[in-house]
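[1] Kindly return the folded structure for what I paste below:
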Amino acid sequence: MEPAENDTSSPPEYGAGKAAATVPARSYWRWRRDDFFPEPSFASWGAYRRALRETPARLRDRLAGRSTDAAELGALRRRSEHEMRRCLTWWDLTWFGFGSVIGAGIFVLTGQEARDHAGPAIVLSYVASGLSAMLSVFCYTEFAVEIPVAGGSFAYLRVELGDAAAFVAAANLILESVIGTAAVARSWTSYLASLVNRPASALRIHAPGLAGGYDELDPIAVLVIAVTATLAMLTAKGTSRVNWVASAVHVLVIAFVIVAGFAHADAANLRPFMPQGVPGVFRAAAIVYFAYGGFDNIATMAEETRNPSRDIPLGLLGSMTAITAIYCVMALVLSMMQPYTAIDRSAAYSVAFASVGMRWAQYVVALGALKGMTTVLLVGALGQARYTTHIARSHIIPPVFALVHPRTGTPVHATALIAVCSACIALFSSLDVLASLLSVSTLFIFMMMATALLVRRYYVRGVTSRTHALRLTALLLLIIASSIGIAACWGTSPERWQGYVVLVPAWAAGTLGIQLLVPAARAPKVWGVPLVPWLPSLSIATNLFLMGSLGKDAFIRFGVCTAVMLVYYVLVGLHATYDVAHGACGWEEEDDGDAAAADEDKKVVAAADVEKADAAGGTR
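    Now for the predicted structure:
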């Protein structure tokens, strides 16, 4: 188990209690080796070799280690040295939802997938991926209300599934952040080219010496990432104001697209409706799931939200419900304006309006798309940096990236880290190379989140008996295995029904077994996912099903990236987190720590509970 992360102490140098009076304030801008690798395992080459020899034992320890709500809300937050400012409301979160989601996905992937896979049935692809996304939104909302910290799914998985599962999430979150930002920035350049009436790749630099898909250099994408990241570093509330103004303008452009598009619609363009059949619909659904990505950024802003218990459900569920409806209507409009074979893969809506004689409208659409993608990058810079901040608080990556700037109240180092990595990827890689890899990573994390929610509801240490814990584990494995089987059957031979006759009842039996055979160990304090265990179990199944609809290239890239992540964990992350968990850094053991720090953590958790109770009373 994990003695360190369960306590609530803090390093004296982080300003907790009496020690703050004797330790001088440290500069935010520091780059010593100890700021990156303060753990004893990295103190010397000899210490590192000893740590490597202990890898098997340390790995077993970390597989069993789990954090707690109190540790995430208290000890880990103090490792940032300064607090993020609690300045956001449900209004900010709602517009962050629009700003973080509506961007490159709907304007680029709709045309790409309608042309290549789904045809006019692209609207059904958005329905399928939207339903799956909403199931994940429910899971995120309950966790964000209960554990309002910047870590988002990383923090939630660390509490419920342990350090090893949290690392897998952390690695994929950083990968998702970097690739998602790069993909949107590349799309920004494509729509800028459309706005000036040039081909999509006209503003990129062709490099014939590089491999296909990586041979169009995009310095404009690099510049856009730099500008949005800089704004996100300066202020969260100011970024929110810029976002909601830009998003409001963006919504007006979307309204224009829908009204003008239906005015030039022709139902004949909907035939044939599914040119590649049902498999084409779900293949497209797995790709356009990227269009819903970004809502998890809202959960990372819980630490800066004034009343998480009220504001997060309103902001997350409200914005995602509206966005799902908008996506479906926009996909239908595009399919009715042109035959699917004539849809442009890169700038679908602009070209569609030009084809019906509204050539001037392509500039309105291109400008709206640019605004949308700019807000996606802006909100992404905020949310992704907060993921990275909390990951650094755990020492999986160097803790210098956990620091919050004392003047701006924002994680400047973490924002810069994601921006630099994203800019390097955006300079070289095309959108179609990026989108499928991003979809695999996103779907995988959302599947883990649904699993973690079931664990949270049905397992509590010291409450759940060993028999019930083993029963829950077996039933969860049955749900996951049957869901993988369903996805595999669909991917290999979708027309054969024999496999589904066995696998679908197996999934239902696993879910029903949890409901009937495992007593609930915890109830949500304020807001909870309805119909547990069925909705989380369905979320597991739909996310794995959509993953199975992706091509093998996406899984090859995902496998290579995962292998690199695991090498990093074995060589670096494992030893850093082991040292922290066992007090080797000098601040994790409560007996040796500052009592004032422990009291402060208790106050943090108590304040969160009072806030939840107040919110619950206000909604009765």
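
[2] mind listing the helices for the stretch 251-400 of the chain?
    277-288, 296-300, 308-337, 348-355, 361-393 (DSSP state H, counting those that start in this stretch).

[3] Could you export the ones you listed as CSV, including distance to residue 427 and mean pLDDT?
    (C-beta placed from N, C-alpha, C; glycine too.) Converted to CSV, the helices of the stretch 251-400 of the chain look like this (distance: least, Cβ to Cβ, whole Å; pLDDT from 0 to 100):
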stretch, distance to residue 427, mean pLDDT
helix 277-288, 23, 85
helix 296-300, 23, 79
helix 308-337, 29, 89
helix 348-355, 25, 84
helix 361-393, 15, 83
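
[4] quick one: which of those helices is nearest residue 233?
    helix 361-393 (8.1 Å; Cβ to Cβ).

[5] Between helix 348-355 and that closest one, find me the angle.
    180 degrees (axes from the mean of the first three to the mean of the last three Cα atoms, to 10 degrees).

[6] Run the chain-centre distance for helix 361-393.
    Relative to the centre of its chain, helix 361-393 is centred 13 Å away, using Cα atoms, centre = their mean, to the nearest Å.

[7] buried residues in the helix or strand following it?
    Per DSSP states H and E, the first helix or strand lying C-terminal to helix 361-393 is helix 412-428. Buried residues in helix 412-428, counted by 16 or more other Cβ atoms under 10 Å: 412-419, 421-423, 425-428.

[8] could you turn helix 412-428 into CSV, dropping everything but the C-alphas?
    Coordinates of the C-alpha atoms in helix 412-428 are reproduced here as CSV (Å, rounded to 0.1, in the frame of the first residue of the first chain):
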residue,chain,number,x,y,z
VAL,A,412,3.7,28.7,-16.5
HIS,A,413,6.3,25.9,-16.7
ALA,A,414,3.7,23.2,-17.4
THR,A,415,2.0,25.4,-20.1
ALA,A,416,5.4,26.0,-21.8
LEU,A,417,6.2,22.2,-21.7
ILE,A,418,3.1,21.2,-23.6
ALA,A,419,3.4,24.2,-26.0
VAL,A,420,7.0,23.4,-27.0
CYS,A,421,6.3,19.7,-27.5
SER,A,422,3.1,20.4,-29.5
ALA,A,423,4.8,23.0,-31.7
CYS,A,424,7.5,20.4,-32.6
ILE,A,425,4.9,17.9,-33.6
ALA,A,426,2.7,20.4,-35.4
LEU,A,427,5.7,21.5,-37.5
PHE,A,428,6.0,18.1,-39.2
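
[9] Could you give the average pLDDT over that helix?
    Average pLDDT, helix 412-428: 89.

[10] Name the surrounding residues that touch it.
    With contacts defined as Cβ atoms under 8 Å, 6 or more residues apart in numbering, helix 412-428 is touched by 28, 174, 177-179, 181-183, 185-186, 210, 214, 217-219, 221-222, 225-226, 229, 232-233, 381, 384-386, 388-389, 392, 400-403, 405, 434.

[11] That one to helix 361-393, inter-axis angle?
    130 degrees.

[12] Distance from helix 412-428 to the middle of the chain?
    Put simply, helix 412-428 sits 16 Å off its chain's centre (Cα atoms, centre = their mean).

[13] swap in stretch 29-46?
    Put simply, stretch 29-46 sits 29 Å off its chain's centre (Cα atoms, centre = their mean).

[14] Among the buried residues of helix 412-428, pick out the one closest to residue 144, please.
    Closest approach to residue 144 among the buried residues of helix 412-428 (Cβ to Cβ): residue 414, at 19.0 Å.

[15] Spit out the contact partners of the most centrally placed residue in the chain.
    In the chain, the centroid-proximal residue (Cα atoms, centre = their mean) is residue 296; its distance is 4.6 Å. For residue 296, the contact set (Cβ under 8 Å, 6+ apart) comprises 136, 140, 152-153, 383, 445.

[16] For the residues you listed, which entry has the maximal number of neighbours?
    Most neighbours among the contacts of residue 296, by other Cβ atoms under 10 Å: residue 152, with 30 neighbours.

[17] In this structure it contacts residue 300, no?
    Yes: between residue 152 and residue 300 there is a contact at 4.2 Å, judged by Cβ atoms under 8 Å.

[18] Common neighbours of those two, please.
    By the contact definition Cβ under 8 Å, 6+ apart, residue 152 and residue 300 are jointly contacted by 383, 386-387, 390.

[19] Farthest-apart pair in those residues, please.
    Spanning the widest gap among the shared contacts of residue 152 and residue 300 are 383 and 390, at 11.3 Å by Cβ to Cβ.

[20] who touches both of these two?
    Taking Cβ under 8 Å, 6+ apart as the contact rule, residue 383 and residue 390 both touch 152, 300.

[21] Need the helices of the stretch 251-400 of the chain in a markdown table (columns: distance to residue 56).
    Listed next are those as a markdown table, based on distance: least, Cβ to Cβ, whole Å:
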| stretch | distance to residue 56 |
| --- | --- |
| helix 277-288 | 37 |
| helix 296-300 | 34 |
| helix 308-337 | 40 |
| helix 348-355 | 53 |
| helix 361-393 | 24 |
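
[22] Which among those is found nearest to residue 485?
    Among the helices of the stretch 251-400 of the chain, helix 277-288 comes nearest to residue 485, with 15.9 Å by Cβ to Cβ.

[23] Low-confidence ranges, the stretch 151-300 of the chain, go.
    Counting by pLDDT under 70, the ranges of the stretch 151-300 of the chain that qualify are 212-214.

[24] Which parts of it are strands?
    Assigned by DSSP state E, counting those that start in this stretch, the stretch 151-300 of the chain shows strands spanning 205-206, 216-217.

[25] out of those, nearest to residue 374?
    strand 216-217 (21.0 Å).

[26] what does the closest one rub up against?
    201, 204-207, 427-428, 430.

[27] now, among the residues you listed, which is nearest to residue 268?
    Closest approach between these and residue 268, by Cβ to Cβ: residue 201, at 32.0 Å.

[28] Number of residues surrounding the closest one?
    For residue 201, using other Cβ under 10 Å, the count is 15.

[29] Identify, out of the helices of the stretch 251-400 of the chain, the most deeply packed stretch.
    helix 296-300 (a mean of 29; mean count of other Cβ atoms under 10 Å).

[30] Off-centre distance for that one?
    For helix 296-300, the distance to the chain centre is 7 Å (Cα atoms, centre = their mean).

[31] what's the answer for stretch 453-460, then?
    From the chain centre to the centre of stretch 453-460 is a distance of 21 Å (Cα atoms, centre = their mean).

[32] what does that stretch rub up against?
    With Cβ under 8 Å, 6+ apart, stretch 453-460 has contacts from 139, 142-143, 159-161, 464, 468-469, 472, 476, 514, 518-523, 529, 532-533, 536-537.

[33] Can you select the buried ones from those residues in ChimeraX?
    To isolate the buried members of the contacts of stretch 453-460 in ChimeraX, using 16+ other Cβ under 10 Å:
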select :139,142,143,159,160,161,464,468,469,472,476,514,518,521,529,532,533,536,537
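
[34] Which ones among the contacts of stretch 453-460 map onto helices?
    Those of those mapping onto helices are 139, 142-143, 159-160, 468-469, 472, 476, 514, 536-537, per DSSP state H.

[35] any idea which of the residues you listed is closest to residue 506?
    residue 537 (11.8 Å).

[36] right, and the closest one touches residue 478 too?
    No: checked against Cβ under 8 Å, the pair residue 537 and residue 478 is beyond contact range at 10.2 Å.

[37] Between these two, which contacts overlap?
    With Cβ under 8 Å, 6+ apart, residue 537 and residue 478 have common neighbours 507, 510.

[38] Would you mind measuring from residue 232 to residue 443?
    As judged by Cβ to Cβ, to the nearest Å, residue 232 and residue 443 stand 26 Å apart.
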